[in-house]
Structure formats: C-alpha cells, structure tokens
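Q: coords please:
(one chain, ligands or ions: 1)
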Amino acid sequence: MADMTSKAAADTPQAAAGTDFLTVFNRYSWEEVQKKIRLKTAQDVLNALQHSRPGLEEFMALLSVAAAGYLEPMARKARQLTVQRFGKTIRLFAPLYLSNKCQNICTYCGFSLDNKIPRKTLTALEVEAEAAILKQYGFDQILLVTGEAAREVNTDYFVRTVRQLKKQFAQISLEVQPLYEHEYKALNEAGAYGITVYQETYHRAAYKQYHLRGRKANFDFRLETAERACRAGIRKIGMGVLLGLQDWRVDSFMTMLHLRFMRHRYWQTGYSLSFPRLRPAAGALSPAFPVSDKELLQLILAYRICDPDLDISLSTRETETFRDHLIGLGITTMSAGSKTNPGGYATDSDSLEQFEISDERSLATICQVIQQAGYDPVFKDWDLALAAGNSDAYF
Ligand code: SF4
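A: Sure, this is the predicted structure:
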C-alpha cells in the first residue's frame, strides 16, 4: 500500500470524476489508516484546529487519541460553526416502524431472522393510525423504517405508503433495504425526500462476520447505495456506521471519505450523519468495540469542525443526560418520543422493538429541554403552538 497522504490528496473532486466510491474505497487500507490515526500528535490536533478548511488529514488528527485532551477548544469551534450555519435550532423527527419482518441474519439486531419473535407489517389502516398520532404531536418529518423482507416489504409497499403519507408530512425519508436505481426513481416520484443507509462497518472482514445471511451480506451493493439513490434524484442521504462493531476511529474516517466523495460528485444532494451506538436488543450481541460518551462527543465535534454544513443527528438510543449536553455542540437534528416497534405509537405497543431506546422522555419534555438550552425546537405546527400561547396544548 503506497503512501496514504498522496491517496487522500488524490481524492479531490477532479480525481473523483469518472470514478465510483467503491474504486476510491478499495485504494485504502484499514490498517494503514489505523496506523496514521495512531501516530497523530498534539501538534497535529492544534494545526487541525487552526486550519481554515480541514481535510482528511486534519480529520484523522481530530479523531486521534491525542485529540482527547483538546475537547474544550474543539467544542468551542464546533459550537461556533454550528450556530453560524444552522442558527440556534434543533430539528425534530420521529421514526415510524412499518415492519419487523426480516430475511437477513445480522448478529446485532432484534429483527434478525433467527430471532423467534412475532412478526408484523403494518396495513394501510395501521399506518394511518400511527401517522395520525405523530401528526397530532406536531411532527412534519418522518423516517419510515423496516427490516429487509423484500417479498412483503418491497418497493411497491414503500411507494404505496409514501403516497399515502405525503399529503400529511413535508418530508418523508426511508431507512429500508438498499434498492436498485429504478426503485429509488419510483420512490422519488412518489414523493420520498431522503434515504438513510448505514454501512454498519467499513471493515470488510468484520462486515462478513456480522452479516451472516441475506442480501445485506453483500458489502459492495450496500456501499454503492448512496450513489444509486443520488442518481435517482433522492434529495437527502443519511449515512453512518453502527458504533461498536469495529474500531470507531477508522470506521469514522471511512465514513468521512465516503461523505467527501459524495459531496464532490453529488453536490446537489444534502447529507446527514447519525452515530448509532450498539444498543441492547432481543437475541443480539454486546459491542466488541464499545464507544464511551467522551469518545462519541469527540467524534461529533470532529465531524462538525471538518464539515460545517453537515446535518448531524442524535437518536433516542442515547441517554437523556448525554443528549441534553450535546445540544449546542454540533448536532442539528434529534429524534424524540421514538418507538422502534411497528405499531408502537397507536396500535401494538407490545410488538418487538428493534433495539431498546434510552431517552424515553415525551416530545414535550424534550422541547422544553431544547428551549431551556436557548435553542428552538423546529417541527411542523410549532409556530402555531406558540401563537396559541400554550406549547403544551400540542402534546
Ligand atoms: S439490521 Fe436490518 S437487515 Fe439486519 S436483521 Fe436488523 S432489520 Fe434485518
């Protein structure tokens, strides 16, 4: 493997033209990246903090162990960049779990095929009931989530559901199995706004060990998903890894490499990043590479400093205290009041959830916390609630 610096420098927009991300990714060695991050010094971190346009080298420095001693200046810079780009706002969204059916075996997930649980896919009527509750709360952005069971939960089902919901919600995104380009086109035409697909881990060998059966075992097909969706006209792509499966520093570098490639090639698309940490789920494993709160904070600050325009999202997997402290430190979007089981809001509170959530507070409470931190919670009808002079009326 040749020098990584020259590789990083070569991944400019010009160099990327005519190349797909898989080609760029295959030029990188996991071990080389790991070694480079380990060798970053305090001086590299200080240089990265001074840099006007931090690149991949600077990102490595901010991910390094050496940067753990510089969380204060990193936080100051991240806070200033976030307010400059996004103002003092936190956008709120809710996931709507449509189905827990799945034909894949992933060793970390409660929906895994080998997990003997009652399975459920929402009917159109049940979707309506779930949507009504979310709408009543005031949400205008929803994320439709399913397992990967293409026989039943497929593009036709997604298109029908998006069409059903699009009059009620301003933004509908989907977190479902990777699809083909023509399928993303159909979703786009139906009114879908965004697609989220986590690579889970960019470590090929580890990926194979975690994904034992089903289409998800195809690492390359998953890696190319964001490009297929962008070519089909999808306007927002959600990316990330499942923290805990592998060395978070290297996985995060690979995510940033992927993100930079996407920004260069598909500049008209918006991007968001989430940082799911492996959470307890029925029949699932514990993290082999645990990520502490302090490390997750460092990671979020590093992303904000190196990509000031990035939409950074924090889910209810995280604890109340951690989420409260992160307001103002780089995140721009939060899920709230989440149920991770199909029918969880309205019809079937007992169906199995994908993972246990940690922050179980109501949407009203989370809005209060955001406001107490000096930020505005943003979602549909929030302005109407304020105009009525009683924000609690909505909850
Ligand atoms: S992670 Fe996704 S594909 Fe894997 S078992 Fe869970 S729902 Fe199915």
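
Q: got the residues of the stretch 151-300 of the chain near the ligand?
A: For the stretch 151-300 of the chain, the contact set with the ligand under Cβ under 6 Å from any ligand atom comprises Lys216. Yep, even glycine has a C-beta here, placed from its N, CA and C like the rest.

Q: now do 8 Å
A: Applying Cβ under 8 Å from any ligand atom, we find that the stretch 151-300 of the chain lies next to the ligand at Gln177, Glu200, His211, Gly214, Lys216.

Q: The last one and Asn104 touch, don't they?
A: Yes - using Cβ atoms under 8 Å, Lys216 is in contact with Asn104, at 4.5 Å.

Q: what touches both of those two?
A: Taking Cβ atoms under 8 Å, 6 or more residues apart in numbering as the contact rule, the neighbours common to Lys216 and Asn104 are Glu148.

Q: ok, back up a step: I'd like the residues of the stretch 151-300 of the chain next to the ligand as JSON lines, with neighbour count appended.
A: Listed next are those as JSON lines, based on neighbours: other Cβ atoms under 10 Å:
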{"residue": "Gln177", "neighbour count": "25"}
{"residue": "Glu200", "neighbour count": "24"}
{"residue": "His211", "neighbour count": "23"}
{"residue": "Gly214", "neighbour count": "19"}
{"residue": "Lys216", "neighbour count": "23"}
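
Q: need the longest helix for this structure.
A: Longest helix in the chain, counting residues (DSSP state H): helix 248-265.

Q: packing partners for it?
A: Helix 248-265 is packed against helix 13-16, helix 21-26, helix 30-38, helix 56-63, helix 225-231, strand 236-239, strand 270-274, helix 293-306, with contacts defined by 3 or more Cβ pairs under 8 Å, 6 or more residues apart in numbering; DSSP states H and E.

Q: With respect to Leu278, which of the residues of the stretch 151-300 of the chain next to the ligand is nearest?
A: Distance to Leu278 across these (Cβ to Cβ) is lowest for Glu200, with 10.0 Å.

Q: for the stretch 1-150 of the chain, what spans make up the strands?
A: Along the stretch 1-150 of the chain, counting by DSSP state E, counting those that start in this stretch, strands occupy 89-99, 105-106, 141-146.

Q: So for the ligand, which of the ones you listed sits nearest?
A: Set against the ligand and scored by Cβ to the nearest ligand atom, the strands of the stretch 1-150 of the chain come closest in strand 105-106, at 3.1 Å.

Q: Which other helices and strands does that closest one contact?
A: Applying 3+ Cβ pairs under 8 Å, 6+ apart, one finds that strand 105-106 makes contact with strand 211-213.

Q: Quantify the burial of Gln209 by counting its neighbouring residues.
A: When neighbours are defined as other Cβ atoms under 10 Å, Gln209 has 13 of them.

Q: For the closest residue to it other than its chain neighbours, which residues are in contact?
A: Closest residue to Gln209 apart from its sequence neighbours, by Cβ to Cβ, 6 or more residues apart in numbering: Thr107 at 7.6 Å. Applying Cβ under 8 Å, 6+ apart to Thr107 gives the contacts Gln209, Tyr210, His211, Leu212, Ala284, Leu285.

Q: gap between Asp20 and the ligand?
A: 24 Å (Cβ to the nearest ligand atom, to the nearest Å).

Q: Can you pull out the low-pLDDT segments for the stretch 251-395 of the chain?
A: Counting by pLDDT under 70, the stretch 251-395 of the chain contains low-confidence ranges at 280-284, 347-355, 380-395.

Q: any idea where the helices of it begin and end?
A: Along the stretch 251-395 of the chain, counting by DSSP state H, counting those that start in this stretch, helices occupy 293-306, 320-326, 363-372, 382-387.

Q: So which of those helices is the most surrounded?
A: Highest mean neighbour count of the helices of the stretch 251-395 of the chain: helix 293-306, a mean of 22 (counted as mean count of other Cβ atoms under 10 Å).

Q: relative to strand 270-274, how tilted is it?
A: Between helix 293-306 and strand 270-274, the angle comes out at 170 degrees (axes from the mean of the first three to the mean of the last three Cα atoms, to 10 degrees).

Q: elements contacting helix 293-306?
A: Judged by 3+ Cβ pairs under 8 Å, 6+ apart, helix 293-306 is in contact with helix 56-63, helix 71-86, helix 248-265, strand 311-314, helix 320-326.

Q: For the longest one, which residues meet the burial criterion?
A: In terms of neighbour count (16 or more other Cβ atoms under 10 Å), helix 248-265 has its buried residues at 248-263, 265.

Q: and the angle from it to helix 30-38?
A: With the same axes, to 10 degrees defining the directions, helix 248-265 sits at 100 degrees from helix 30-38.

Q: and helix 248-265, how far out from the chain's middle?
A: Put simply, helix 248-265 sits 13 Å off its chain's centre (Cα atoms, centre = their mean, to the nearest Å).

Q: Same question for stretch 323-337.
A: 13 Å.

Q: Number the residues from 496 up from this point.
A: Fine by me, first position is 496 from now on; the one you just mentioned is stretch 818-832.

Q: And the residue of the stretch 696-845 of the chain that's closest to the ligand?
A: Closest to the ligand within the stretch 696-845 of the chain is Lys711: 4.6 Å, counting by Cβ to the nearest ligand atom.

Q: wait, what's in contact with that residue?
A: Asn599, Cys601, Glu643, Gln672, Arg717.

Q: What count of nearby residues applies to the second one?
A: Right, Cys601. Number of residues near Cys601 (other Cβ under 10 Å) recorded here: 25.
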